[in-house]
Every structure is written in structure tokens, then in C-alpha cells.
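**Q** Mind looking at a prediction? Sequence and model below.
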Amino acid sequence: MNQKAAALPRLLERYRNEVVPELMREFGYKNPMQAPKMDKVVINMGVKEGQEDIKILDQVAIELSRISGQKPLVTRAKKSISAFKLRQGSPIGLKVTLRRRRMYEFLDRLFNVAMPRIRDFRGFLDRSFDQRGNFSIGLTEQTIFPEVEYDKIKKTQGMDITFVTTAKNKQEGKKLLELLGFPFRK
């Protein structure tokens with residue numbers, strides 16, 4: 001299917017039509033290009049059992065590719081650490097970097113489908129912002145995503161998700177994520 005022929009993701013339309021005017025009004029931008037935007041989303045899974053059993057790593061890679069819509073990259077140990085029984089070059093995790101259309105489709109599914117399925121969920125605290133307006137969260141299991149088939153799971157696996165923005169500070173980054181629909185705890 002041609003990328004340009006496909007409809008814009010819902011969240012991207014919302015960003016252009018609602019979020020940018022609101023950010024311009026709140027922060028006093030004169031040009032819409034000054035408004036912060038989402039740059040990329042990085043999903044990272046540390047799979048320590050990957051070095052002993054490659055089948056677990058393969059299964060988790062399949063699940064991550066279903067969740068993100070993109071094939072994950074296998075991360076390998078940079079150096080050997082004997083205390084952790086870790087050898088240089090052994091597979092220890094998976095990561096995916098989402099940009100543009102796939103990023104907005106993933107964010108839409110994450111905010112509106114997956115996060116409401118988290119048990120006893122009241123929102124995330126806003127403590128995980130860095131100085132540049134980027135935000136990181138950790139999820140304890142991949143079963144909150146409807147793409148993962150519960151019967152085929154060999155191991156429950158957590159993941160870290162980092163939202164990289166073009167914001168200049170924490171306030172701009174938080175306001176951008178709030179307007180996109182990220183559930184912060186009140």
C-alpha cells in the first residue's frame with residue numbers, strides 16, 4: 001500500500017489540528033513550527049534469559065514486533081561481566097525505534113487501548129522527565145497489548161518506553177504529552 005495514499009493516523013491529525021494551536025496559545029509561540037513535537041519512541045526490552053535460551057529471545061522478538069509493527073534489533077553485551085555470567089557479544093535485549101506514521105499509530109494504541117488495560121491504573125507520575133522534555137516509563141508485562149496472544153507467551157516480559165520530543169524543557173514536554181492523551185496522575 002502506498003504510504004501517501006493511506007489516511008493520516010488519528011493522533012497525528014489531532015496533533016496538527018488541536019495540540020499545536022493549544023501549545024502556541026499557552027507558550028506564546030508565533031510560528032507553528034516552534035511548537036514541540038514527538039521525534040521518536042524507543043521501546044527497549046532487557047531479556048537476560050536470551051543468552052541461555054535463544055528460543056525465549058525469538059518469542060519475545062515476535063511479540064515486540066507485533067506490538068510495535070516493526071522488527072526489533074537484538075542488543076548485545078558490550079563487555080563481559082563475570083558476576084552476571086555475561087559474555088561479550090551475547091544477546092541481552094531487544095529495541096525498536098519508531099518514527100513518523102508508525103510512532104503515531106503506536107502511541108494511539110498505547111494511550112487508548114493498552115494503558116487502560118493495566119491493572120489498578122491511575123496514571124503515571126511525571127517524575128521521569130529529563131531536562132530536554134523527554135519522558136520514560138516502564139511497563140511490567142507485555143500482556144496489556146491486544147496484539148500479544150496470551151496462550152503463546154513463554155515468559156512475561158517488561159519493557160521501557162522512552163518518548164523523545166523536540167521540547168526545550170520539562171513543562172513543554174509534559175504539556176505536549178498531556179494534549180496527545182498521555183494519562184498523568186493528578
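**A** Here it is on my side, so go on.
**Q** And the helix or strand containing Thr97, what does it pack against?
**A** Using DSSP states H and E, the element containing Thr97 is strand 91-98. The criterion is 3 or more C-beta pairs under 8 Å, 6 or more residues apart in numbering; DSSP states H and E, and the helices and strands that strand 91-98 contacts are strand 38-46, helix 54-68, strand 73-76. Every C-beta, even on glycine, is put in place using the N, C-alpha and C of the backbone.
**Q** so the first one versus helix 54-68, what angle?
**A** Put simply, strand 38-46 runs at 160 degrees to helix 54-68, going by axes from the mean of the first three to the mean of the last three C-alpha atoms, to 10 degrees.
**Q** circling back: angle of the strand holding Thr97 against helix 54-68?
**A** Counting by the same axes, to 10 degrees, strand 91-98 points 10 degrees away from the direction of helix 54-68.
**Q** In its sheet, which strands sit next to strand 91-98, and in what direction?
**A** Within its sheet, and counting by DSSP bridges, strand 91-98 is paired with strand 38-46 (antiparallel), strand 73-76 (antiparallel).
**Q** shaky segments in the protein?
**A** 1-6, 50-52, 78, 81-86, 146, 149-151, 154 (pLDDT under 70).
**Q** Do a quick rundown of the helices in it.
**A** Remark: helices of the chain, listed N- to C-terminal, are 10-14, 20-27, 54-68, 100-109, 170-180; assignment by DSSP state H.
**Q** Turn the ones you listed into TSV, columns for mean neighbour count and distance to Ser80.
**A** As requested, these are exported to TSV (neighbours: other C-beta atoms under 10 Å; distance: least, C-beta to C-beta, whole Å):
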stretch	mean neighbour count	distance to Ser80
helix 10-14	17	43
helix 20-27	15	47
helix 54-68	18	19
helix 100-109	19	34
helix 170-180	19	37
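**Q** Many thanks, have a good one.
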